[in-house]
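Student: Here is my input; please provide its structure:
(one chain, ligands or ions: 1)
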Amino acid sequence: MNKLALLGASGHGKVVADAALAAGWKHVVFFDDAWPGVRVNGRWPVVGDMTVLMSRLPEFDGVLVAIGNCAVRWRKQQELRSAGARLATVVHPRACVSSYAQLGEGSVVMAGAVVNVDATVGEAGIVNTGATVDHDCVLAAGVHVSPGAHLSGNVKVGSCSWVGVGVSVRQGMHIGAGVVVGAGAVVVKSVADDQTVVGSPAAPLVPR
Ligand SMILES: CC(C)(COP(=O)(O)OP(=O)(O)OC[C@H]1O[C@@H](n2cnc3c(N)ncnc32)[C@H](O)[C@@H]1OP(=O)(O)O)[C@@H](O)C(=O)NCCC(=O)NCCS
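Tutor: Just a heads-up that it's a prediction; the model follows:
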């Protein structure tokens with residue numbers, strides 16, 4: 001837990017960096033394709049783009065993709081893994097993760113979040129600040145549970161779905177892959193793949 005490379009110099013990246021340092025990592029640097037135009041992200045340096053990161057992988061004890069976009073995060077993680085990166089998992093020390101839960105490689109669990117017994121968070125998953133993932137939930141790769149969102153027990157979420165800030169999901173619901181659940185929605189019926197749903201009860205967002 002010495003040198004950690006984060007790909008994605010964003011606000012989300014800063015939260016990951018802060019959690020990583022709290023969790024015991026000693027040094028954090030960012031890589032971002034906006035480099036060399038962007039050279040700093042908050043108090044952390046941006047030292048290269050993805051190509052530079054690929055060439056420097058052996059220097060890092062851990063690499064983590066800190067990109068909010070779910071599909072991009074998952075794709076970049078797979079590219080890094082294929083190139084031999086040592087993928088890190090970061091759990092903020094003030095998160096509560098059951099010892100009977102599973103966290104996939106490249107996942108992050110932020111401050112105040114809870115991952116309960118027998119839940120699974122897939123690779124490149126984000127359980128964001130104060131979110132809860134209750135017992136027996138199964139989150140596929142690349143899922144983001146935003147701040148303050150709550151998944152009741154036995155909820156399944158397909159790959160690269162984004163559960164928005166403050167969402168509530170009734171127990172046993174199945175949210176498909178590539179879904180966006182809009183901020184504040186209350187999900188009381190299962191949601192098919194690639195839908196955007198909003199409101200209470202959540203329903204498809206119809207473009208005007
Ligand atoms: C659902 C969402 C993806 C839609 O984004 P968008 O496609 O850019 O939609 P727009 O902002 O153009 O809004 C389109 C319409 O949907 C409505 N709408 C948007 N988001 C909504 C939501 N969460 N709940 C209810 N209605 C919503 C807007 O009021 C607007 O209605 P109108 O046509 O009557 O004016 C987005 O609003 C959202 O909720 N994102 C999640 C944000 C979040 O959780 N961030 C956490 C970051 S960690």
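Student: neighbours of the residue nearest to Gly172 when sequence neighbours are not counted, just the number please.
Tutor: Closest residue to Gly172 apart from its sequence neighbours, by C-beta to C-beta, 6 or more residues apart in numbering: Asn154 at 4.6 Å. All C-beta atoms are positioned from the backbone trio N, CA, C, and that covers glycine. Asn154 has 17 neighbours, counted by other C-beta atoms under 10 Å.
Student: In three-state terms, label Asn154 for me.
Tutor: The three-state label given to Asn154 by DSSP: H, G, I helix; E, B strand; the rest coil is coil.
Student: And it, how far from the ligand?
Tutor: 23 Å (C-beta to the nearest ligand atom, to the nearest Å).
Student: Hmm, that residue is touching Ala119, no?
Tutor: No - in this structure, Asn154 is not within contact of Ala119 by C-beta atoms under 8 Å, at 9.5 Å.
Student: okay, and the common contacts of those two?
Tutor: The contact sets of Asn154 and Ala119 overlap at 134-137 (C-beta atoms under 8 Å, 6 or more residues apart in numbering).
Student: closest to the ligand among those?
Tutor: Cys137 (18.3 Å; C-beta to the nearest ligand atom).
Student: Would you check how far apart the residue nearest to Gly172 and Leu87 are?
Tutor: Here the criterion is C-beta to C-beta, to the nearest Å. By it, Asn154 lies 28 Å from Leu87.
Student: which residue sits closest to the spatially most central residue of the chain, ignoring its sequence neighbours?
Tutor: Residue closest to the average C-alpha location in the chain (C-alpha atoms, centre = their mean): Ile126, at 2.1 Å. Excluding its sequence neighbours, the residue lying closest to Ile126 (C-beta to C-beta, 6+ apart) is His144, at 4.3 Å.
Student: The one you found contacts Cys70, doesn't it?
Tutor: Yes - counting by C-beta under 8 Å, His144 touches Cys70, with 5.4 Å between them.
Student: Overlap in contacts, those two.
Tutor: By C-beta under 8 Å, 6+ apart, His144 and Cys70 have these common neighbours: 161-162.
Student: follow-up on the earlier one: any figure for the gap between the residue nearest to Gly172 and Gly11?
Tutor: For Asn154, the distance to Gly11 equals 32 Å [C-beta to C-beta].
Student: swap in Ile126?
Tutor: According to C-beta to C-beta, Ile126 stands 13 Å off from Gly11.
Student: do the same with Met1
Tutor: Plainly put, Met1 is 24 Å away from Gly11 if you go by C-beta to C-beta.
Student: Contact partners for Asn2?
Tutor: 25-27, 61.
Student: Show me which of those are buried.
Tutor: With burial judged by 16 or more other C-beta atoms under 10 Å, the buried subset of the contacts of Asn2 is Trp25.
Student: Now go through the contacts of Asn2 and say which are in strands.
Tutor: Counting by DSSP state E, the contacts of Asn2 place His27 in strands.
Student: Same list (the contacts of Asn2) but as JSON lines, adding pLDDT and distance to the ligand.
Tutor: Below are those laid out as JSON lines (pLDDT from 0 to 100; distance: C-beta to the nearest ligand atom, whole Å):
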{"residue": "Trp25", "pLDDT": "98", "distance to the ligand": "22"}
{"residue": "Lys26", "pLDDT": "98", "distance to the ligand": "27"}
{"residue": "His27", "pLDDT": "98", "distance to the ligand": "26"}
{"residue": "Asp61", "pLDDT": "98", "distance to the ligand": "27"}
